[in-house]
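Trainee: Need coordinates for the below:
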Amino acid sequence: MNNTVQTGRGYTTPEMIIVLATLVIMASIALPSFASVLRKAQSQTVIHNLASTYQYARSAAISYRQPVVFCPRASDSTCGSDWLQGGIVFMDPDNNRMRSERERLLAIFEPPPAGSSLQIRAALNKRYLRFMSNGMLENTAGSFVYCPPGARDRDARTLIFTRNGRLRTGTDMNSDGILENAEGQPLSCPS
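Mentor: You can find the predicted model right below:
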């Protein structure tokens with residue numbers, strides 16, 4: 001008869017400490033870059049949604065042959081002053097830049113995540129965009145600048161619009177990792 005004792009294969013305490021220490025070190029290296037990836041994805045999503053809403057407002061003005069307003073949202077029926085509340089797109093046939101009950105609400109731009117920054121920089125300090133029936137903007141050109149929560153300058157994104165209604169994203173012409181605005185100045189996020 002064989003009297004061998006089966007011993008269980010386990011891990012010793014020093015082995016477990018080494019494995020846990022390795023995991024902690026790997027996590028501390030990966031988490032900051034993961035946060036950066038999340039900020040970049042969040043920025044791309046907000047900029048994509050903003051560009052889509054902008055393009056929709058412009059094409060609606062052309063399709064309906066009527067002025068269309070894209071403004072920051074105070075409610076589903078009124079314009080506000082803070083783009084962090086989102087935005088609304090509505091037809092404006094009476095040219096008063098205010099939505100009445102008879103003016104059709106066309107789209108809603110959902111608010112960006114809490115803690116982010118979204119600003120419009122437009123000629124004549126306009127807080128809204130008004131598309132004419134030919135798709136051109138009413139006397140304005142400028143840009144939107146978005147920064148996700150906890151952003152650094154290299155996380156900033158911009159959409160630049162011209163008076164003819166065209167839209168483009170900002171570029172990094174000097175390859176320093178920070179996008180520039182329409183004037184070639186680096187974007188910055190509020191600290």
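Trainee: Need the phi and psi values for Leu137.
Mentor: Backbone torsions of Leu137, given as degrees, to the nearest 10, read phi -80, psi 150.
Trainee: That one pairs with what?
Mentor: Phe131 (DSSP bridges).
Trainee: That one: how many residues sit nearby?
Mentor: The criterion is other CB atoms under 10 Å. On that basis, Leu137 has 23 neighbouring residues. Any C-beta I mention is one placed from the backbone N, CA and C, and that applies to glycine too.
Trainee: That one against Leu167, yeah?
Mentor: No. Leu137 is beyond contact range of Leu167, at 10.2 Å (criterion: CB atoms under 8 Å).
Trainee: Show me whatever sits in contact with both of the two.
Mentor: Contact criterion CB atoms under 8 Å, 6 or more residues apart in numbering; residues shared by Leu137 and Leu167: Phe161.
Trainee: just the strands in this protein please.
Mentor: Per DSSP state E, the chain carries strands over the ranges 68-72, 87-91, 105-109, 117-122, 129-131, 142-147, 157-161, 167-169.
Trainee: Indicate which one of those is closest to Ser188.
Mentor: Ser188 sits nearest to strand 142-147 of all the strands of the chain, at 8.4 Å, using CB to CB.
Trainee: And for the residue nearest the centre of the chain, nearest residue in space, chain neighbours not counted?
Mentor: The residue lying closest to the centre of the chain (CA atoms, centre = their mean) is Val46, at 2.7 Å. Leaving aside its sequence neighbours, Val46 sits nearest to Pro112 (CB to CB, 6 or more residues apart in numbering; 4.8 Å).
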